[in-house]
Each structure stands twice: as C-alpha cells, then as structure tokens.
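**Student:** Everything below, folded, please.
(2 chains)
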Amino acid sequence: MGMKGRFDASMTRRALLRGGSAALLGSSWALSLPRAFADEPKASGVINFMSWEGYDFPTVMKAWEQAHGVEVQATYMGSHDDIQAKILGGGGGGLDLITYGSSYKELYSKLKILTPIDESRIPNLKNLLPFFASNFQNIWVDPDGTRTGVPCDWGASSLSYDSSVIKEAPKSYDILFDPKYKGKVGIPDDPLGAYGLAARVLNLNSSKLTEADFKTVTDWLKQLVKQTKGVSASYGDVSSRFIAGDIALAFLGWPAYKAFGTQAGKKTIETIWPEKGGGLAFSTAWAIPPGVDNLDTVYAWINETLRPEISAGMANSLDGGAVVKGAEKLLDPVVATLYPYDHLNEFFQICPLQEDPPLESTEYVTRNRVLAAWQEVKSAG
Amino acid sequence: MTPGTSRRRDPVLLSFPAAMGFLLLLAVPLAVFLAYSFMTAGLFTVSPPFTFDAYARALGYGLNGILALNSIVIGLLAAAATVVLALPVAYWLRYCAGRWQMPCLFIITGSMFASYLVRIYAWRTILGTRGVFNQGLEALGVIDEPVGFLLYNRFSVTLALVHIFLPYVVLVLFAGFRPLAPAFLESAQDLGANAWQRWRRVILPVMAAPAATSFLFVFILSAADYVTPQLIGGTSGQMLGVQVQANFKAVGDWPQGAAISILMLLAFVACYGVTLLGLRLRRLDRIRWVN
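**Tutor:** Numbers count the residues shown, from 1 in each chain, chains lettered A, B, ... in the order given. From the prediction side, this is the model:
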C-alpha cells in the first residue's frame, strides 16, 4: 500500500489530530534546530592551554579532538605560580583555557584571572559527583552563584613511605622526626600545602593562623626540613627520590607515588592518612581566563571531560581521582585503589580540601607571609 | 663621499642592527626592572609612589644575606674549578692533540647539546644513594652502605655547574690559545725557559684576559642560577636567584624581586670592574696580537 492509500484508509478526526500534532512537533523541532546548535558548544580550531604537563590529555581526548578538528596547543607550567606570572606579567593574552588548584581560588579571583562560566553551555555538569557538584568553600562557584571553575581531578596528600624500608605502616606523622630516618625524608616545594598539612597535624587552622600559631607551624616545618636533604623541586622530584631509594618517607605524601613507582618497577611506595592529622585534599578545576578567543571550543572541551569514560581516562592518565559519577567503575585497578570512592564523604572528613591563609588580614597571618617564611624553612638545615 | 669616509662609517652601520637588538632585548627590560624596583608593591602589581622600600627590605632581610654569600661561594668555586680544569684541556687541544683536535672539538661542542636539566639529573643518577658511584664503591668493597654526602649540598651544585660550563670555557680558552703559535713556545725553550717558565712568562700573560673572561662568565651565570640549587642543592646549596624567582612567581612582590636583581647586577658589574682593574694594573690587558 502506498502512502496515499494508507493516508486515505486511516484518515479519521483523531488520526488527523494526531498527525497534525506530530507535524507541528516536527516543524517546531525543525525550526528549533538552529537555536539548538547555537546553544551547543561548537568545537573547532585551536585551544591555547596552560596547565600542568599531562592535563591536555592528548591520548584521552584524541578521538574527540580529531572528530571536531580541534588542536590543543599546550604550555606546561613548572609551578602553579607560572599561570599568574604569565597572565599578569605579559604574554598571557590569547590563553583560552587554564586550570587552578582549589587553594588558588581566592588569589585568582582577586587577580581577575577567572571569568564567569555559563553553566548552560556545559550540560554534562549534571554528571559531577555530589561533592564536586556542591558549592564547597566557594572553590568552583562564588557565593553569588557565579561559576568560575569546573572540577577536573582531585587527590589528597598526607604521609607516604617505602614499605621495603619501613615494614609496618606508620601510625602518625611523628615517624618523620625519627633520627633513624634523618636524610631519608622528602618534602616537595609546596609552601601552601606544607603549611596547610603541618597546621592540620598540629590541630591548627591554616587559614586562620595567629602569629603564635604561625611560629609553631614554621618551627615544626624547620625541624622537619632538618630531617631532609633539602626540599624537592616538585612532587615529581619526590617521586624520583623515592624510586631512586634516596628517601623512605615523604611529608605531603601522595597516593600517585604508588602508581609512578609501580610504573618504574618499585611497588613499595604506600600512602596512609594517619589518625592524627589525616591529610589534605586538593582539586584542580578548568577555568577560562580573560584572554580567551575560542570560547565555544573551550566549553565543548570542558563538557566532554565530564563524560564518565573521559573522566576515568583522565584519572588513569594522572593517577588521580575522578570527578564524575560512574567513572570510578572504569578506572584502572591500581588507580581505583588510590582513593575510597565508596566512602568519599568520610574521606573528605579525614582529608578536607586545603584552606589557605587569607590574602589580606589584620587578624591572621597572610598568604605572602607564609610564602616568604617558606624560603627560610627551605634553607633550614 | 670618499672611499675613506665610507670605510669609517661602515662599522657604525654594521653594528646598528646588533645595537638595536641589544637595546630592545636587554637595555629596555633592564630599565623596566629598574623602574619596578623603585615602585610600591601590590599583589603581582606595581604602582607609584616611588620608594626605596624594596631595596631596604631586600638588604635588611637576613636570609638574602645568607643566600648571597652562598651564591658567591658556589660561584667562585665553580668558576675557579672550571677555568683550572679547562686550561690544560684547551692547551692540549691546541698544541698536543694533533689529528684528534677536530674530533675532540666536535665532541666538546656536541656535549653542549645535552639539555641543562638532563645534565643535572645525570649527576643525581651518578651521586645518588643507589647511583653509579655508590654502587661502584660497594662492588669494590670500599664502603658497606651508600654514602649520602655527595648529593644535595654545595658540593653537588658546584660539580654540576662545572660540568655544565666546562665545554664553553674550553672553547673560549682554546680560542685564546689560537694566536699563540707553537713557534713562540719553541723560541722560549730555545732561549732557556723551562716548562714552568714558559707557562708563567709566555702562556699565562697571554691567557690572562681569556681566563679572566671565562672566570667571570662562569661566576656570573653560576651565582645567578636558580634551577640547579633547587634540584640538587639541598638545604645548604640554595642561592639568591631562588629569591628572585619566588618574589616574581609566588609571592608577587615584583619590586623586591627587581631590587634583588638590580643589586645582583651591580655586584656583577663591580666584579667585572675589579677584574678589569686587576688586569690593567698587571698590564695584562694590553697584550695584542698584531700579526
């Protein structure tokens, strides 16, 4: 039966209404197409990107980039401070996408490095794990509801040790001061992390350090540095020292050391969160700097990273934590054991997100005081 | 225009592009630094009024003094060791290497293509607890357990800096030896000068200026380094360049970072002046090859 015959045979008032409704819906859908495409983030061209090495995820994002004709031109930073140095010190124009650590939110807001993010352009935001979808400490969303960042990964730092040297898992941070391990302790060049974790170990609030607290923490860190052979240039440098056997313990330990060590044939680097002191969590977020000139593609990129497969691939690639629901089931076995996805809320009680000293305060020690003091801590020996 | 006038103008015209490059890439940034150092610090910003505050803070901060002293000690040690090691190598290349001269020069030049960071990490591999050196000594039965004093201190920083700058200095000193034909040394020998006298009376006066230049080159670059100390300096091997970096990148106190830079520059200019004066007083700056 042809089209005409079927139409003729079934033409009733109800059928006419049903057909008319369908035609109307179809017409509406067809008419709305241009608008829908306009709302969807369009992806093409170059993304000028600056972040840590590996955060451009060349392998994980390859298929998407090829499908959309997107090229990511990445500049890797040696330290987090490279971002503000580049953007504020000149030469930062034209950056489309950056990342910021949770502890840099206040600074970057003050320096106007973060521009508002339109949530309607990132439909996959709904995929975020509840903790990362929250407005926690205004790290990703300002008090007025303006989003400035989209979580991309997370982790926690505490106490790492080499189980081939230290047979029994340490119970507290006190082991760092054991004379037996003098010269065998590592610590990365992360002043805010060091003050944050040291304050937590000493049961102080790193964002509200009084002068007396500040002295207590500084003295504690100086004693700790005396146990080392110097502050390592980076977390990667600590990992290298672990693998080389130069250290057996690390303050600001990192579960990823286990994965790095395993890749290098050293499977004995463990990380624990001692009952006293716990650890400190950190999170990295995508952000859009003021110099962006390929905004549509940046939104499309961020949106893509919030798919479970991609988030898991990113966590696997970084040996970090996934931020998207369902991604934890797709992680590599070693990476899946780094963090307890079944008890994330409890975990963030033991390892709360790092809180930094205020930029300006008459009551508490400021961020710059901490950074300046860190130079003295590094030279304590 | 006479041909003579044209010849007189040529050097000026020829040097114009280089002078402009120098002005844009060195003089202008230095002028900006100088201006920054006298401005008032904000958070990653500078603004009027002009003040000496950054200099007062830079000079009054005890840690800067300690790090400056460290920079001077490490810079002097690295410069002295590099020149002392490079001089005989350059001498051998010029007068003794024969047909091996070009291959050796090629190898020395080629070694400079290795990344700065790779060379620093190589020393960690060599001197580390499980490094080549310790494992070798253990295999030979010289030590029972790895020795840890080789790395993360002034010694390791100095060693790495000597390794980094040695090829450059060998080439500079080799170039310094070039005009000194073997016949000069043979003449000195014929006139009764022994080996030591030939070194002291013929070679060293001729090589004083290139050696002093090389010494300054290594000293300035070593004393201002901030990468090597961070990677293998430990607590005792930190240097003043780290403070400049910290002030610009982390603390955001640009005036103080600029003030420390300017103070370091003044110190280096003073070193240059003293060296030049020393050469002049010893009349070693007037030796010219006229052939």
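
**Student:** How about the contacts made by the residue in the stretch 101-250 of chain A that chain B sits nearest to?
**Tutor:** With CB to the nearest CB, the shortest gap between the stretch 101-250 of chain A and chain B falls at residue A:230, namely 3.1 Å. The C-beta positions use only the backbone N, C-alpha and C, and glycine is treated the same way. The neighbourhood of residue A:230, defined by CB atoms under 8 Å, 6 or more residues apart in numbering or on different chains, consists of A:378, A:381, B:152, B:233, B:234, B:235, B:236, B:237, B:238.

**Student:** What are the buried residues along the strand or helix carrying residue B:117?
**Tutor:** Assessed by DSSP states H and E, residue B:117 sits inside helix B:116-127. With burial defined by 16 or more other CB atoms under 10 Å in any protein chain shown, the residues of helix B:116-127 counted as buried are B:119, B:120, B:121, B:122, B:123, B:124, B:126, B:127.

**Student:** List the ones among the contacts of residue A:230 that fall in strands.
**Tutor:** Among those, none falls in strands (DSSP state E).

**Student:** Please tabulate those in a markdown table and include pLDDT as additional columns.
**Tutor:** Shown next, in a markdown table, are the contacts of residue A:230 (pLDDT from 0 to 100):
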| residue | pLDDT |
| --- | --- |
| A:378 | 90 |
| A:381 | 68 |
| B:152 | 89 |
| B:233 | 89 |
| B:234 | 87 |
| B:235 | 85 |
| B:236 | 84 |
| B:237 | 86 |
| B:238 | 88 |
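
**Student:** Out of these, the closest to residue A:259 would be?
**Tutor:** In terms of CB to CB, no member of the contacts of residue A:230 lies closer to residue A:259 than residue B:152, at 25.4 Å.

**Student:** do you know how far that closest one is from chain A?
**Tutor:** Using CB to the nearest CB, to the nearest Å, residue B:152 is found at 4 Å from chain A.

**Student:** about what we covered before: ok, for the residue of the stretch 101-250 of chain A closest to chain B, nearest residue in space, not its chain neighbours?
**Tutor:** Of all residues not flanking residue A:230 in the chain, residue B:234 sits nearest, at 3.1 Å (CB to CB, 6 or more residues apart in numbering or on different chains).

**Student:** what's around residue A:116, how many residues?
**Tutor:** 12 (other CB atoms under 10 Å in any protein chain shown).

**Student:** Surely it is in contact with residue A:149?
**Tutor:** No: contact criterion CB atoms under 8 Å: residue A:116 and residue A:149 do not qualify, at 10.6 Å.

**Student:** Quick check: phi and psi at residue B:253.
**Tutor:** phi -100, psi 80 (degrees, to the nearest 10).

**Student:** So what's the residue count around it?
**Tutor:** A count of nearby residues for residue B:253, using other CB under 10 Å, gives 24.

**Student:** what's near enough to touch residue 127?
**Tutor:** Assuming you mean chain A. The contact partners of residue A:127, by CB under 8 Å, 6+ apart, come to A:306, A:307, A:308, A:311, A:324, A:325, A:326.

**Student:** let's do chain B instead
**Tutor:** Residue B:127 touches B:133, B:134, B:150, B:151, B:156, B:159, counting by CB under 8 Å, 6+ apart.

**Student:** Among those residues, which are located in helices?
**Tutor:** Cross-referencing the contacts of residue B:127 against helices under DSSP state H gives B:133, B:134, B:156, B:159.

**Student:** where do the strands sit along the stretch 201-350 of chain A?
**Tutor:** A:249-253, A:269-272, A:280-287 (DSSP state E, counting those that start in this stretch).

**Student:** Residue A:124: which of those strands is closest?
**Tutor:** Residue A:124 lies closest, by CB to CB, to one member of the strands of the stretch 201-350 of chain A: strand A:280-287, at 11.9 Å.

**Student:** How far off centre is that closest one?
**Tutor:** Per CA atoms, centre = their mean, to the nearest Å, the displacement of strand A:280-287 from the mean C-alpha position of its chain is 3 Å.

**Student:** For the residue nearest in space to the middle of chain A, give me its contacts.
**Tutor:** Closest to where the C-alpha atoms of chain A average out (CA atoms, centre = their mean) is residue A:284, at 2.0 Å. Each residue near residue A:284 by CB under 8 Å, 6+ apart is listed here: A:51, A:52, A:55, A:99, A:100, A:101, A:102, A:151, A:152, A:153, A:154.

**Student:** Quick one: these as CSV, columns for neighbour count too.
**Tutor:** As requested, the contacts of residue A:284 are exported to CSV (neighbours: other CB atoms under 10 Å in any protein chain shown):
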residue, neighbour count
A:51, 22
A:52, 21
A:55, 22
A:99, 21
A:100, 26
A:101, 23
A:102, 22
A:151, 26
A:152, 27
A:153, 24
A:154, 24
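
**Student:** Could you export those as JSON lines, including distance to chain B, pLDDT and secondary structure?
**Tutor:** Listed next are those as JSON lines, based on distance: CB to the nearest CB, whole Å; pLDDT from 0 to 100; DSSP: H, G, I helix; E, B strand; the rest coil:
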{"residue": "A:51", "distance to chain B": "16", "pLDDT": "93", "secondary structure": "strand"}
{"residue": "A:52", "distance to chain B": "15", "pLDDT": "89", "secondary structure": "coil"}
{"residue": "A:55", "distance to chain B": "19", "pLDDT": "93", "secondary structure": "coil"}
{"residue": "A:99", "distance to chain B": "17", "pLDDT": "96", "secondary structure": "strand"}
{"residue": "A:100", "distance to chain B": "15", "pLDDT": "95", "secondary structure": "strand"}
{"residue": "A:101", "distance to chain B": "13", "pLDDT": "93", "secondary structure": "strand"}
{"residue": "A:102", "distance to chain B": "17", "pLDDT": "89", "secondary structure": "helix"}
{"residue": "A:151", "distance to chain B": "24", "pLDDT": "96", "secondary structure": "strand"}
{"residue": "A:152", "distance to chain B": "23", "pLDDT": "95", "secondary structure": "strand"}
{"residue": "A:153", "distance to chain B": "22", "pLDDT": "93", "secondary structure": "strand"}
{"residue": "A:154", "distance to chain B": "23", "pLDDT": "95", "secondary structure": "strand"}
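
**Student:** Where does residue A:74 sit: helix, strand or coil?
**Tutor:** strand (DSSP: H, G, I helix; E, B strand; the rest coil).

**Student:** these two touch, right, it and residue A:56?
**Tutor:** Yes: here residue A:74 reaches residue A:56: they are 4.1 Å apart, a contact under CB under 8 Å.

**Student:** More neighbours: those two, which one.
**Tutor:** Remark: of residue A:74 and residue A:56, residue A:56 carries more neighbours, 21 against 18, as counted by other CB under 10 Å.

**Student:** in what helix or strand does the more buried one lie?
**Tutor:** Secondary structure assignment for residue A:56, by DSSP H and E: no helix or strand.

**Student:** And the pLDDT for it?
**Tutor:** The model reports residue A:56 with a pLDDT of 94.

**Student:** do the same with residue A:15
**Tutor:** Residue A:15 is given a pLDDT of 38.
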